[in-house]
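# Here's my sequence, what's the structure:
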Amino acid sequence: MSAIARVIGVEGIRLDGHARDQQDALRQVGALLVEVGATTAAYTDGILARERSVSTFMGEEVAIPHGTDDSRQHVLRAAVVLIRFPDGVDWAGHRVTLCFGIASTSDEHVEVLAGLADVLMDPERAAALRGATDPQQVLDLLTAPADDE
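Predicted coordinates for the structure are as follows:
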C-alpha cells in the first residue's frame, strides 16, 4: 500500500472548491483536516503560520500546505486532503488549482510528498487528476502504483 493510500480517503477530497483568496483556501484546508478527524481546529493556525514563513506553492498550480513543527501537537492522525479550486486561487502571485493539505506527526509526510510528486510529474496522471469529476477517480489516481513499481 502506498504512503498516500494510508492517509487519504474520498471523504477528504473536494473537487468544487471556491476561495476568496489564499487565506480562505488555507482555512478551508484546515477545516477539511478537522472534518476528517485528522487534526484539531488549532492546527489551522499552524498552517497559516507555515505559509507566513515559507510558501507551500510547489509549481504547476499545486500548493501543499501543512502546519509548523509546533503545530504537530494538534495532529490526531496522519492525513492528506485535497481541495481542487477549478477557478484557481491567487497564491502570492501564482495560480493554484490543486491544494493538498497534509497533517503528520513525524517525517511520514516526506514519503507522502514523494508519492504526490510521482503523480504530479506524470503528465497523463496529472491531467487526469485535474479533470476528474468524482472523488473516487481522484483517490484511484493518487493511490495507483506508478508504472515502474
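# which parts of the helix or strand bottoming out on mean pLDDT in the chain are buried?
Ranked by mean pLDDT, DSSP states H and E, the helix or strand of the chain with the weakest confidence is helix 108-121, at a mean of 80. Using 16 or more other C-beta atoms under 10 Å as the test for burial, helix 108-121 gives 109, 112-113, 115-116, 118-120. Every C-beta, even on glycine, is put in place using the N, C-alpha and C of the backbone.
# what's the following helix or strand after that helix?
helix 123-131 (DSSP states H and E).
# Could I get the average pLDDT for the next helix-or-strand element following that following helix?
Next in sequence after helix 123-131, counting helices and strands by DSSP H and E, comes helix 135-143. Across helix 135-143, the average pLDDT comes to 92.
# and helix 135-143, what does it pack onto?
helix 3-7, strand 13-14, strand 79-91, helix 108-121, helix 123-131 (3 or more C-beta pairs under 8 Å, 6 or more residues apart in numbering; DSSP states H and E).
# Tell me which residues are up against that helix.
Surrounding helix 135-143, the residues in contact under the criterion C-beta atoms under 8 Å, 6 or more residues apart in numbering are 2, 4-5, 8-10, 13-15, 82, 84, 115-116, 119, 125, 128-129, 132.
# run the last query once more with 7 Å
With contact meaning C-beta atoms under 7 Å, 6 or more residues apart in numbering, helix 135-143 is reached by 2, 4-5, 8, 10, 13, 15, 82, 119, 125, 128-129, 132.
# So which of those wins on neighbours?
Counting neighbours by other C-beta atoms under 10 Å, the top entry in the contacts of helix 135-143 is residue 8, with 27 neighbours.
# Residue 52: which of the helices and strands packed on helix 135-143 is closest?
strand 79-91 (13.3 Å; C-beta to C-beta).
# Starting from the closest one, tell me which strands it pairs with and how they run.
The strands beside strand 79-91 in its sheet (DSSP bridges) come out as strand 13-14 (parallel), strand 94-103 (antiparallel).
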